[in-house]
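A.B. asks: no sequence on this one, just coordinates:
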């Protein structure tokens with residue numbers, strides 16, 4: 001008798017340095033650890049680029065304008081590299097917890113959002129979930145505090161308001 005193909009369930013887990021993320025990753029590890037048929041996408045939401053790295057006033061001399069564009073791009077790349085470097089420990093810690101719970105490295109993806117993406121963070125998260133074919137988004141109830149500062153409300157609230165056809169687990 002043939003064994004049925006295993007349906008892979010994909011989860012998008014939002015990660016940052018908050019205690020909420022630790023609780024979230026521990027919860028996901030407890031729920032799906034040592035079970036087959038799961039793939040976890042760990043996503044670290046980088047804050048948007050600082051305004052001074054988005055654009056400059058321009059220059060009247062074309063050669064000077066080119067130099068300023070090159071300098072701006074260099075500054076953006078340096079900022080992004082630094083932000084990704086800062087995100088690495090949180091992603092690595094989350095991955096370690098999941099591997100210790102029984103997931104293999106091939107069942108875990110680590111990535112950072114694109115800080116050049118000017119869309120709302122909730123739209124970015126939902127877009128990532130769709131692109132990765134995730135059935136579930138998992139977020140800590142009090143994680144991603146920078147979003148509250150910029151948007152005036154919590155990322156979780158925005159996700160719940162804008163999500164459709166996707167489960168959202170909020171871990172307190």
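C.D. replies: Structure's in. What do you need? Because the structure is predicted, anything quoted here is derived from the model rather than measured.

A.B. asks: show me where the chain has helices.
C.D. replies: In the chain, the helices defined using DSSP state H lie at 19-32, 62-100, 121-131, 145-151, 155-162.

A.B. asks: TSV for these, including mean pLDDT and mean neighbour count?
C.D. replies: Heads up, the C-betas are built off the backbone N, CA and C, glycines and all. TSV is the format used below for the helices of the chain (pLDDT from 0 to 100; neighbours: other C-beta atoms under 10 Å):
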stretch	mean pLDDT	mean neighbour count
helix 19-32	94	18
helix 62-100	93	14
helix 121-131	91	18
helix 145-151	50	14
helix 155-162	82	17
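
A.B. asks: Contacts only, for residue 170.
C.D. replies: Neighbouring residues of residue 170 by C-beta atoms under 8 Å, 6 or more residues apart in numbering: 139-141, 156, 160.

A.B. asks: what does stretch 17-34 contact?
C.D. replies: Stretch 17-34 is contacted from outside by 11, 13-15, 38, 40, 89-90, 93-94, 97-98, 100-103, 138-145, 169, 171-172, using C-beta under 8 Å, 6+ apart.

A.B. asks: Any of those residues buried? List them.
C.D. replies: Buried members of these, scored by 16 or more other C-beta atoms under 10 Å, are 11, 13-15, 38, 40, 90, 93-94, 97-98, 101, 103, 138-140, 142-144, 171.

A.B. asks: and the closest residue to residue 75 other than its chain neighbours, what is it in contact with?
C.D. replies: Take residue 75 and drop its neighbours on the chain: the residue closest to it by C-beta to C-beta, 6 or more residues apart in numbering is residue 53, 5.3 Å away. By C-beta under 8 Å, 6+ apart, the contact set of residue 53 is 72, 75-76, 79.

A.B. asks: give the contact list for the most centrally placed residue in the chain.
C.D. replies: Centroid-nearest residue in the chain, with C-alpha atoms, centre = their mean: residue 43, separated by 2.7 Å. By C-beta under 8 Å, 6+ apart, residue 43 lies in contact with 12-15, 111-113, 125, 128.

A.B. asks: of those, closest to residue 134?
C.D. replies: The nearest member of the contacts of residue 43 to residue 134, counting by C-beta to C-beta, is residue 12 at 4.1 Å.

A.B. asks: ok, back up a step: quick one: the contacts of residue 53 as JSON lines, columns for distance to residue 6 too.
C.D. replies: Compiled in JSON lines, the contacts of residue 53 are given as follows (distance: C-beta to C-beta, whole Å):
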{"residue": "72", "distance to residue 6": "48"}
{"residue": "75", "distance to residue 6": "46"}
{"residue": "76", "distance to residue 6": "42"}
{"residue": "79", "distance to residue 6": "41"}
